[in-house]
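Peer 1: any chance you could fold what I've pasted below:
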Amino acid sequence: MRKSTLVATLLALALLTSAAPVQPSNAANAEKGIAVQLNGNPIRLAVAPRLVGSTLMIPLRDISESLGVSISWDDGRQTVTAAKGDRTIRLTVGSKEALRGNAAVQLEEGPLLENGTLLVPLRFFSESYDFNVYWDGLNQTVSIVDADKSLPTVGSLERMQELLRDSPAASSYRSMAKTMVTMDSAATESKAVASVPAAAGSSGAGANGAGAGAPSYSGTNVQVEGVDEADVIKTDGTYIYQVNRDRVIVSQAYPAESMSVVSTVYWADPNFNPREIYVDEKQLVVIGNTYYSEKGQSVQPAPAVQPMGPDTAVSSKIAIWPGPRGRSATKAIVYELGDRTNLKPVREAELEGSYISSRKVGDSLYIVANKGINYRIMPLNGKSQPDPASIETPSYRDSAAGDAYIKIGFEDIRYFPKSVEPNYLLVGGISLSQPDQKMQVTSYLGSGQFVYASQNNLYVTVNEYEPAVPPADAAEPASGQGRDAVGKIMLPRPTPMDSNSVIYKFAMNNGLVQYAGRGKVPGHPLNQFSMDESNGNFRIATTSGEIWRNDEYTSKNNLYVLNDAMSITGKIENIAPGERIYSVRYAGNRAYMVTFKNVDPLFVIDLKDPAAPSILGQLKIPGYSDYLHPYDENHIIGFGKDTVEVTSKSSTPGAETTAYYQGMKLAMFDVTDVANPKELFKETIGDRGTDSELLRNHKALLFSKEKNLLAFPVSVAEMKSPSPSTDPSREIMRYGEFTFQGAYVYQLDLTKGFQLRGKITHLSDGDIKKAGRSWYGSDKNIERLLYIGDTLYTSSQSMIKANDLKDLHEIGALTLPPWTPKKP
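Peer 2: Here you go, the predicted structure:
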């Protein structure tokens, strides 16, 4: 039976230290009413719910019938007994003491009998029968959900302390604290503490949206068709919208011969820093981070880890160190795309915490953020009580409901069992086309690492770590130092850890998010491309173990298939032991996985039968691919680095080989014969030191099979002079000198492969001459490419350049307004 604490405040709206007091909208409630749902379906109530104090009272007969609870009434004692299975509760009219089984529970408000209708506390009644209750303050909606279809709630500060104290993350905090402070308060409180240093789209034709007769245009290179991802630049076919430092610049780009800047978008919040944007036919959405001081004034963020100093308090049982003096928030600002010379915000929404990711499906926007818990006080022995002010609950705001912030209470914070961390994960959903529907926010005790979204579901992964259990036949680890078979000294190795990925599934529908299940697989994913959804099945590729180990805990790679209920139905484990995953891509009933240590094995995996995935074939070639992009059903493009293997000159048996990366590598893989995939074409750019954002961010790729176009930004390093050394291995390890930054533009087909059509740069000859051996983050570095009709556009922080796609001759260049730093 799930334990429950004292009935928590259901509708309590509290103060936020940086905001004005939040007042419950009782007038609005009276006019609109509070909606009650059970597993997503509305409950019909004979009498409207009533807010008594901070407790929501609901008609007993309606709630009991909905939850399948039988009731009996003792008229003489004015007592009702409710039972379901082996669970029984007893409530008496006017009494704040109830019985749950034989245990007495103190209520904040007792049952009411009015006009023959008995009203009972909703949360107490529902939680007594394993239903979780959630409150959506902005939309005035109460959701009752089966416990097996939802996550448990924290409920109280005491329960929060218990969860954090028992979590692995808290153990690491305690260990860190013990190394930083002396626990003898009598000896240390009068002394200064020694200072500890602080821790340092597949592009395709879009709909004509901005102006009559606008041609087709490219979109952001996204993972899932129909699921847009935010980026630093977007176009609607006529205008280009670009995040440019602490502003958004709107430029009329079509026609290219008359490009001009039409407006520069700033905001009233001086500490709002834009990160990414969305654009559709009607709206521009800018997403970024902002900061608030305790008095509500914007301030610069404090360091993520605070140093210990003379003002750090120390006690015998708890370590206290100051946290940040301000709060960070993820903010979305929505602009109506009317007069682009004077864009005005029509809506703002905020989630307290740092921005993780977002997705946009149609008119629905979903934002994910992490808020760290300010651990000014960390319990070390389980007996100490935390300062309530040191464990803050998250807040959110939607200007569609007013300027007030809503603070989420402990009773509405869910937690991930076995994945508790001193952090809150917040998921916010907004219907951009329905301003009357306020942002829905759910909060979870724990953190999210990677986010994947299909058109219907959002998946968030959370890592779990625990000491590995050795196999039954494994030898006992040797103590101290020993020697291996060739006499080399072996140092003691760290305790191996088992890593697991817990995947939380959330259903998305018109801006609303509902928890839909939990799955768990061994290992951890590389990024969002490790995950995929197809025909109701969720697929995830993971790496477990450590690549540097050579025992049974060495790295292994896996692929798991989970059904709609998030249970594993099929798997392949122990792929390429000793290597790790570098890239994954799914295409229908196939998965392509690249692992690497010294060579690049490309695995082709059959996923047609979810219960029996299998490896169809593999190809081993030098180099590796950081990103895979589908070309067609039987061909896939890899972007990564070329490598050269060097064998150690040691005369001992089993000499190791090491792979050194070289220039950027493009490869076209032919998987027509799935049992024998082959590298059909290969292209290498530059030498060691060549780099591209595409290797870390898929949004940097511009690809159109229809236009025979493949382009991306790249910084090229090349060997300009021969090596002074005669040792070939030293030549392999040499870095080239900077020669180019800009965009490489290719045409690509299955007959001739990669054909470089040309290069585009925003650097002048003088910039190149002044560069020296290396280059830096210049405001002339090309960041993204896009096309409108037959014109290719390249963008940097200082310029937008237009080139004809037919022969790449320059049509025009638009110099962007110079940037000046914000005034303090």
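Peer 1: for the rest of this, base every contact and every neighbour count on C-alpha atoms.
Peer 2: OK.
Peer 1: residue 798 and residue 813, how far apart?
Peer 2: 10 Å (C-alpha to C-alpha, to the nearest Å).
Peer 1: with residue 622 instead?
Peer 2: 40 Å.
Peer 1: those two: which is more packed in?
Peer 2: residue 813 (20 against 16; other C-alpha atoms under 10 Å).
Peer 1: which SSE is that one in?
Peer 2: Applying DSSP states H and E as the criterion places residue 813 in strand 810-815.
Peer 1: please enumerate the helices of the stretch 651-800 of the chain.
Peer 2: 728-733, 765-769 (DSSP state H, counting those that start in this stretch).
Peer 1: just name the most buried of those helices.
Peer 2: helix 728-733 (a mean of 14; mean count of other C-alpha atoms under 10 Å).
Peer 1: domain ranges for this structure?
Peer 2: 26-148, 267-448 (automatic domain parsing).
Peer 1: possible to save the ones you listed as TSV with mean neighbour count, distance to residue 517 and mean pLDDT?
Peer 2: Shown next, in TSV, are the domains of the chain (neighbours: other C-alpha atoms under 10 Å; distance: least, C-alpha to C-alpha, whole Å; pLDDT from 0 to 100):
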stretch	mean neighbour count	distance to residue 517	mean pLDDT
domain 26-148	17	8	88
domain 267-448	20	11	78
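Peer 1: I'd like those as CSV, with distance to residue 612 appended.
Peer 2: Below are the domains of the chain laid out as CSV (distance: least, C-alpha to C-alpha, whole Å):
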stretch, distance to residue 612
domain 26-148, 28
domain 267-448, 29
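Peer 1: check for me that residue 257 belongs to a strand.
Peer 2: No - under DSSP: H, G, I helix; E, B strand; the rest coil, residue 257 falls outside any strand and is assigned helix.
Peer 1: quick one: pLDDT of it?
Peer 2: On pLDDT, residue 257 comes in at 95.
Peer 1: how many neighbours does it have?
Peer 2: Residues near residue 257, counting by other C-alpha under 10 Å: 12.
Peer 1: now it: how far from residue 785?
Peer 2: In this view, residue 257 and residue 785 are 18 Å apart by C-alpha to C-alpha.
Peer 1: same check on residue 43?
Peer 2: For residue 43, the distance to residue 785 - C-alpha to C-alpha - is 51 Å.
Peer 1: again, but for residue 440
Peer 2: Taken as C-alpha to C-alpha, the span from residue 440 to residue 785 is 35 Å.
Peer 1: what's the answer for residue 714, then?
Peer 2: 12 Å.
Peer 1: residue 392 too?
Peer 2: 43 Å.
Peer 1: sorry, back to before: quick one: closest of the domains of the chain to residue 466.
Peer 2: domain 267-448 (10.3 Å; C-alpha to C-alpha).
Peer 1: that closest one: how far from the chain's middle?
Peer 2: On the basis of C-alpha atoms, centre = their mean, to the nearest Å, domain 267-448 sits 14 Å off its chain's mean C-alpha point.
Peer 1: ends of that domain, what's the gap?
Peer 2: Length of domain 267-448, first residue to last, C-alpha to C-alpha: 29 Å.
Peer 1: likewise stretch 262-273?
Peer 2: 21 Å.
Peer 1: off-centre distance for that stretch?
Peer 2: Using C-alpha atoms, centre = their mean, the offset of stretch 262-273 from its chain centre is 25 Å.
Peer 1: how far away is the residue lying closest to residue 132 once chain neighbours are set aside from residue 127?
Peer 2: For residue 132, ignoring the flanking residues on the chain, the nearest one in space by C-alpha to C-alpha, 6 or more residues apart in numbering is residue 145 at 5.3 Å. According to C-alpha to C-alpha, residue 145 and residue 127 sit 10 Å apart.
Peer 1: this structure: helices as residue ranges?
Peer 2: Secondary structure of the chain by DSSP state H: the helices cover 26-32, 60-67, 122-127, 157-165, 168-180, 185-188, 728-733, 765-769.
Peer 1: residue 238 reaches residue 256, doesn't it?
Peer 2: No - Residue 238 is beyond contact range of residue 256, at 9.5 Å (criterion: C-alpha atoms under 8 Å).
Peer 1: state the distance from residue 118 to residue 72.
Peer 2: As judged by C-alpha to C-alpha, residue 118 and residue 72 stand 12 Å apart.
Peer 1: next one: residue 283
Peer 2: Distance, residue 283 to residue 72, using C-alpha to C-alpha: 56 Å.
Peer 1: same question for residue 708.
Peer 2: Counting by C-alpha to C-alpha, the gap from residue 708 to residue 72 is 75 Å.
Peer 1: do the same with residue 364
Peer 2: Taking C-alpha to C-alpha, one finds residue 364 at 46 Å from residue 72.
Peer 1: likewise residue 355?
Peer 2: From residue 355 over to residue 72 (counting by C-alpha to C-alpha), the distance is 51 Å.
Peer 1: now residue 812
Peer 2: From residue 812 to residue 72 the distance is 82 Å (C-alpha to C-alpha).
Peer 1: what does residue 609 give?
Peer 2: Taking C-alpha to C-alpha, one finds residue 609 at 52 Å from residue 72.
Peer 1: excluding chain neighbours, give the residue nearest to residue 685 in space.
Peer 2: In space, residue 685 is closest to residue 664, 5.0 Å off (C-alpha to C-alpha, 6+ apart).
Peer 1: number of residues surrounding that neighbour?
Peer 2: Residue 664, neighbours per other C-alpha under 10 Å, totals 28.
Peer 1: that one contacts residue 690, doesn't it?
Peer 2: Yes - contact criterion C-alpha under 8 Å: residue 664 and residue 690 qualify, at 6.1 Å.
Peer 1: tell me the mean pLDDT for stretch 512-529?
Peer 2: On average, stretch 512-529 scores 92.
Peer 1: hang on, I meant stretch 645-654
Peer 2: On average, stretch 645-654 scores 59.
Peer 1: quick one: contacts of stretch 340-349?
Peer 2: 250, 262-263, 265, 331-337, 396-400, 439 (C-alpha atoms under 8 Å, 6 or more residues apart in numbering).
Peer 1: pull up the distance across that stretch, start to finish.
Peer 2: 22 Å.
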